[in-house]
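Chemist: All I have is the shape, not the residue letters:
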């Protein structure tokens with residue numbers, strides 16, 4: 001392989017694919033990322049066997065090929081290079097990198113040892129706004145709780161209906177649902193549960209990309225993909241396993257009617273609850289006492305070692 005790529009472009013790709021490159025693993029090749037040429041593009045790939053990330057960029061290709069290279073050594077070295085052209089070439093399992101007066105050689109591993117990315121056999125597909133999806137996930141991402149007994153509540157339930165997407169999370173005590181409206185009507189409703197870790201990576205990778213994101217749902221995998229505007233070619237792909245099992249029928253526990261309903265200033269409520277949390281006990285309890293006649297709510301907390309708190 002012999003290619004020329006801009007430092008800032010390569011750095012961008014490494015920042016993205018490095019998110020699924022494990023720092024410690026019993027399989028040495030997983031600490032590496034795969035560099036390979038595809039037509040006129042350079043493709044970077046990484047995986048921890050649960051999440052796989054791929055990134056593409058146009059580069060100058062003199063000779064096609066591919067190799068795996070230790071991610072952290074490669075990433076750290078590229079960060080030291082000037083924002084200029086970088087020449088990357090390979091000979092056997094060695095990678096040679098040159099940029100102006102910088103020159104290095106890094107030992108790689110044959111690309112044949114890198115895990116093959118499984119193909120997602122499409123059962124359903126929909127396109128949503130990347131920024132809206134990431135914003136919605138951000139609002140509920142901290143709700144799930146890891147559970148070996150109920151692994152399905154460890155993730156985010158995503159349900160694509162006719163005109164909307166529902167993002168749902170629970171830890172058995174709290175329940176959060178976020179609705180996003182689709183630009184195009186979805187012809188084939190489908191749903192799945194993605195791991196919390198996957199949802200975090202979707203937020204981290206796609207939140208600053210002002211493009212639509214294509215979501216492809218397979219038998220036991222999910223694919224998030226953003227394409228290049230000027231080419232009919234992927235730009236970033238994230239593939240993940242989904243959590244098997246049936247998500248709880250959460251809608252049945254949401255009450256249809258309420259005994260009491262109050263409307264509060266959001267910022268005022270948040271600040272007073274945060275203040276009350278300083279004086280909570282072992283189970284972090286905060287008491288809310290509502291007086292409909294006075295149209296007031298008292299927020300109280302108590303800690304035998306610290307003292308008491310009350311605000312209205």
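Modeler: Structure received. These figures come from a predicted structure and were not determined experimentally.
Chemist: hang on, residue 226 packs against residue 208?
Modeler: No. Using CB atoms under 8 Å, residue 226 is not in contact with residue 208; the gap is 11.3 Å. Where you see a C-beta, it was placed from the backbone N, CA and C, and this is true even at glycine.
Chemist: who's more crowded, the two?
Modeler: Neighbours per residue (other CB atoms under 10 Å) separate residue 226 from residue 208, with residue 226 holding more: 18 against 9.
Chemist: Spit out the contact partners of that one.
Modeler: By CB atoms under 8 Å, 6 or more residues apart in numbering, residue 226 lies in contact with 130, 206, 209, 211-214, 234-237.
Chemist: which SSE is residue 83 in?
Modeler: Using DSSP states H and E, residue 83 maps to neither a helix nor a strand.
Chemist: tell me the contacts of it?
Modeler: So residue 83 contacts 6-8 (CB under 8 Å, 6+ apart).
Chemist: For the protein, which helix or strand comes out least confident on mean pLDDT?
Modeler: The weakest-scoring helix or strand in the chain, judged by mean pLDDT, DSSP states H and E, is strand 124-129 (a mean of 89).
Chemist: Which elements pack onto it?
Modeler: Applying 3 or more CB pairs under 8 Å, 6 or more residues apart in numbering; DSSP states H and E, we find strand 124-129 packed against strand 212-217.
Chemist: returning to what we had before: what lies in contact with the least confident helix or strand of the chain?
Modeler: Contacts of strand 124-129 (CB under 8 Å, 6+ apart): 160, 165, 180, 182-184, 186, 188, 190, 212-217.
Chemist: Quick check on the residues you listed: which are buried?
Modeler: Neighbour-count burial (16 or more other CB atoms under 10 Å) applied to these gives 160, 165, 180, 182, 186, 212-217.
Chemist: and which of the contacts of residue 226 is nearest residue 84?
Modeler: residue 235 (23.2 Å; CB to CB).
Chemist: how about the closest one, what does it touch?
Modeler: With contact set as CB under 8 Å, 6+ apart, residue 235 has these partners: 55-56, 226-228.
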